[in-house]
Structure formats: structure tokens, C-alpha cells
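>>> only the shape, not the letters, is given here:
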């Protein structure tokens, strides 16, 4: 006995097409009805720091040229670039042969005065004093004899003349003795001459009067230097400055004494604290920027002169604020406020917002949104009014 097989559909391709259509509707109908899936941001409550970012260069507080005060030939220059010098450190030595000779000559002249001229002048003074006394006695004796008419008057006149000559010689001898004597003018002049020679000799040794770091060597041994020409260029010790140009649109947020962070491009892991110490009074009309200076008080050796650095000037801080990524904010234009594309009741809606602090990648929303609301990134966002489905949060 044979069992009958069930009959096959007369048109099997119709059943296959119907099944495929049903599957297509199951997959596509939610997207048509509820809209496409979208990635969103959530309004978060978190701290925010608003920064003004700029690129600048390192500058020392001042550059000092250390040079010679006299004309001379460099015979020694023991410093090198990058070396730190304390105040009083040796920078260079000049040829001092002429100065040594001048000092030796002045010292020899003083020794001659003390050992020979002073005793000789004192002896001549004593001799002149004795002659003056004797001439006075002779004149007095002859005057007495002339009164008794025992000598002629011409002899009296000769004696008076001799007395006057002896007194004048005594005065001259006493003047020479005073000049060459202790604390006399000759000794003072020679000691001043020695002091000047020693000062000139000291000028052949060039020292720095300030502490700092050598930036450049400007003279080599054998070079002839003159007053006004530097031997080395020194970056004076002190708080390092970073000079940067900031867009004038940030001018209303900048005031002196704001905290800042400085990061050298060569050492991006370093974040050096500083503060804004100068804000230029004028804007550069060519670039539309304003010059600012940030002081870095404890700069490490890695922060070198003319190095390129990034500067973050903190212009505001909130410990708790509602924030969104910057790429979700449509900036204000003219009278139109800033706006976002929020998702409300399953549809995209354009919502005006009031903004506050602006950080590096996020901005504070003061009014218009609540914590946890979903907001679309502006790039490739669906048009306002369209239904959407939230796939996942973008951050």
C-alpha cells in the first residue's frame, strides 16, 4: 500500500518572494517609522577649565653683554655656551704686560721716595735751617758793630742779603721735605698712581657682575677687544619669560596674574606652572593678535632661550558645570544665539543655549539643556524635525 505525497505549491517562487519581502519589512520598517540610529553626546556635570591657548618663545628677563672696559688682547676665555656663571666669575683675561709695567714703575717710584728722597730732603732741610740761623746771627752781629761804627755799612747790607737768601733756601727745603714727608703730596700722588695702575691691571681681568647662563661667546683668545664690545652674552638669572601672541578675540578674558601652564614642544610631558605678568596695551593690526608674557619662576634647565613652547592661560574654572563637546555646539551668528541639535520625544530639535566657559574640547552650557540630555554632533546630523533612534553615546 503506498502513502500519497503532499502536493507542492503550484507557484513556489511567489512564496519565496513573499518571505523575502516580509523579512525586508521586518528589518527596515523600524528605521522608516522611528528614524535612523544616531550617536549622541550626553550633557554631563563635571569640572571645566577654560584656557586661552597660544604658542610662544622663551625669553630671559634680560640679556647682558659682558665686555672689557679697556682696549686689550684676549689671552684667556675659560667659559663656554650653556655654562652657568655666578656673580664675580672669571669671563676672560687680557694681555696685562703694559699694566704690570706701569704698576711696577709706580711702586719703584714710591720706594725711591721712601728710601732716598725723603731722607735726603729732610737732611737738606736741616742744613738749610742751620745756615739760616747762622746767617741771622751774622747779620745781627754786624748790625751791632755798625752801630758802634766798627764795620762799614756795606758789610751789614751783605749780611742782610745773605740772611734773606738763607731764609728763602730754608723755605724751599722745608717745602720739599713736607712734600716728600709722611702723608706729603709726593707720597699721595705716588700712591694714587699705584692705585690707578692696580685698577688698570684689574681691568685686564673681566668678570661678570651678575649671575646667569652663557648664551654666546663673542671673542676668542687673540682677539683685540674694545670698550663696548662684548666678550660673552649672558642670560641673566631670574624668572624666565614666555612671550606669545594671542588672538584679539580672547582679549576680554585676559587680565594680569592669571595662572598658566607652559609646555616646551621638545618636552611635551612637562607642564610648568607660570602666571600672566604682561598684557600689551595695543593689538598688532597686521596679525590681529596681542602680545602676552608669562613668567615661569622655577624654570628647569630644559627650558632654553628661544625655545618654542605651548602656553595654556587659565581664564576660568568651574568645579561643577554642565558641559558638552565643542563639536556639538553651533556658534552664535549675529543676533542668533548658539544652538545645539537635541533629541526630544524621538525627534531632532534645534535648541538655543547660553554658553559659559570654553575649555580645550568642551564648553559650559548655562541655559537651555538639562543634565543627561542627548545632543547630536553637528557633523552629518539629521535635519531638525526628523525622527531618530539613539544607538549609543558619543561621550
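Done, it's in. Only a predicted model underlies this, so the values are computations on that prediction, with no experimental measurement involved.
>>> how far does stretch 163-175 sit from the chain's center?
Between the mean C-alpha location of stretch 163-175 and the chain-wide mean there is a distance of 70 Å, by Cα atoms, centre = their mean, to the nearest Å.
>>> which positions in that stretch come out as buried?
Going by neighbour count (16 or more other Cβ atoms under 10 Å), the buried part of stretch 163-175 is 163, 166, 167, 169, 170, 173, 174. Every C-beta, even on glycine, is put in place using the N, C-alpha and C of the backbone.
>>> of those, which belong to helices?
Within the buried residues of stretch 163-175, membership in helices is found for 163, 166, 167, 169, 170, 173, 174, as judged by DSSP state H.
>>> which strands or helices does the helix or strand encompassing residue 38 pack on?
Secondary-structure element containing residue 38, defined by DSSP states H and E: strand 37-42. Using 3 or more Cβ pairs under 8 Å, 6 or more residues apart in numbering; DSSP states H and E as the contact test, the elements touching strand 37-42 are strand 374-376, strand 389-393.
>>> list the contacts of the nearest residue to residue 367 once chain neighbours are set aside.
Nearest residue to residue 367, sequence neighbours excluded (Cβ to Cβ, 6 or more residues apart in numbering): residue 354, at 3.9 Å. In this structure, residue 354 makes contact with 337, 338, 365, 366, 367, 368, judged by Cβ atoms under 8 Å, 6 or more residues apart in numbering.
>>> same check, this time on residue 75
Contacts for residue 75 were tallied using Cβ under 8 Å, 6+ apart; they are 93, 94, 95, 221.
>>> if you set the cut-off to 6 Å instead, what comes out?
93, 95, 221 (Cβ atoms under 6 Å, 6 or more residues apart in numbering).
>>> can you confirm it is in a strand?
Yes: when DSSP: H, G, I helix; E, B strand; the rest coil is applied, residue 75 is found to be in a strand.
>>> any idea how far it lies from residue 85?
19 Å (Cβ to Cβ, to the nearest Å).
>>> if we can go back for a sec, any chance of the contacts of residue 75 in TSV, with pLDDT and secondary structure too?
Rendered in TSV, the data for the contacts of residue 75 read as follows (pLDDT from 0 to 100; DSSP: H, G, I helix; E, B strand; the rest coil):
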residue	pLDDT	secondary structure
93	95	strand
95	94	coil
221	93	coil
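>>> any idea how far residue 66 is from residue 223?
For residue 223, the distance to residue 66 equals 14 Å [Cβ to Cβ].
>>> helices along the stretch 101-250 of the chain, start to end?
For the stretch 101-250 of the chain, the helices identified by DSSP state H, counting those that start in this stretch occupy 118-147, 153-180, 185-202, in order along the chain.
>>> rounded mean pLDDT for the first one, please.
Confidence for helix 118-147, expressed as mean pLDDT, is 85.
>>> which elements pack onto that helix?
Judged by 3 or more Cβ pairs under 6 Å, 6 or more residues apart in numbering; DSSP states H and E, the packing partners of helix 118-147 are helix 153-180.
>>> can you give me the end-to-end span of stretch 262-276?
In terms of Cα to Cα, to the nearest Å, the two terminal residues of stretch 262-276 are separated by 11 Å.
>>> go on, stretch 215-226?
As for stretch 215-226, its first-to-last residue distance stands at 20 Å under the measure Cα to Cα.
>>> stretch 316-336 now?
Using Cα to Cα, the gap from the first to the last residue of stretch 316-336 comes to 25 Å.
>>> what do you get for stretch 255-271?
Its first and final residues considered, stretch 255-271 spans 21 Å by Cα to Cα.
>>> from residue 42, how far out is the nearest residue to residue 37 once chain neighbours are set aside?
Excluding the flanking residues, the one nearest residue 37 by Cβ to Cβ, 6+ apart is residue 391, at 3.7 Å. Computed with Cβ to Cβ, the distance linking residue 391 and residue 42 is 13 Å.
>>> between the two, which one's more packed in?
Set side by side, residue 391 and residue 42 give different neighbour counts by other Cβ atoms under 10 Å, the larger being at residue 42 (14 against 11).
>>> count the neighbours of residue 345 for me.
The burial count assigned to residue 345 is 6, neighbours taken as other Cβ under 10 Å.
>>> what's near enough to touch it?
Counting by Cβ under 6 Å, 6+ apart, residue 345 touches no other residue.
>>> for whichever helix or strand residue 48 is part of, buried residues please.
Remark: residue 48 resides in strand 44-59, with elements defined by DSSP H and E. The neighbour-count check on strand 44-59 (16+ other Cβ under 10 Å) flags 44, 48, 50, 51, 52, 54, 56, 58, 59 as buried.
>>> return the set of buried residues in the strand ranked longest in the chain.
Among all segments of the chain classified by DSSP state E, the strand with the greatest residue count is strand 308-325. Residues 309-313, 315-316, 318, 321-325 are the ones in strand 308-325 that count as buried (16+ other Cβ under 10 Å).
>>> over to stretch 332-340?
337, 338, 339, 340.
>>> distance from stretch 204-224 to the middle of the chain?
Between the mean C-alpha location of stretch 204-224 and the chain-wide mean there is a distance of 19 Å, by Cα atoms, centre = their mean.
>>> that one: end-to-end distance?
End-to-end distance of stretch 204-224: 12 Å, with Cα to Cα as the criterion.
>>> tally of neighbours for residue 91?
Per other Cβ under 10 Å, the neighbour tally for residue 91 reads 23.
>>> correct me if wrong: it contacts residue 204.
No: counting by Cβ atoms under 6 Å, residue 91 sits too far from residue 204 to count as a contact (11.9 Å).
>>> tally of neighbours for residue 35?
The local packing of residue 35 (other Cβ under 10 Å) involves 17 other residues.
>>> that one: what's it in contact with?
Remark: with contacts taken as Cβ under 6 Å, 6+ apart, residue 35 is in contact with 386, 387, 388, 389.
>>> how much space between it and residue 74?
Applying Cβ to Cβ, the value for residue 35 to residue 74 is 83 Å.
>>> mind pulling up the pLDDT for the closest residue to residue 247 other than its chain neighbours?
Among residues not flanking residue 247 along the chain, residue 289 sits closest, at 5.9 Å (Cβ to Cβ, 6+ apart). Looking at residue 289, its pLDDT is 93.
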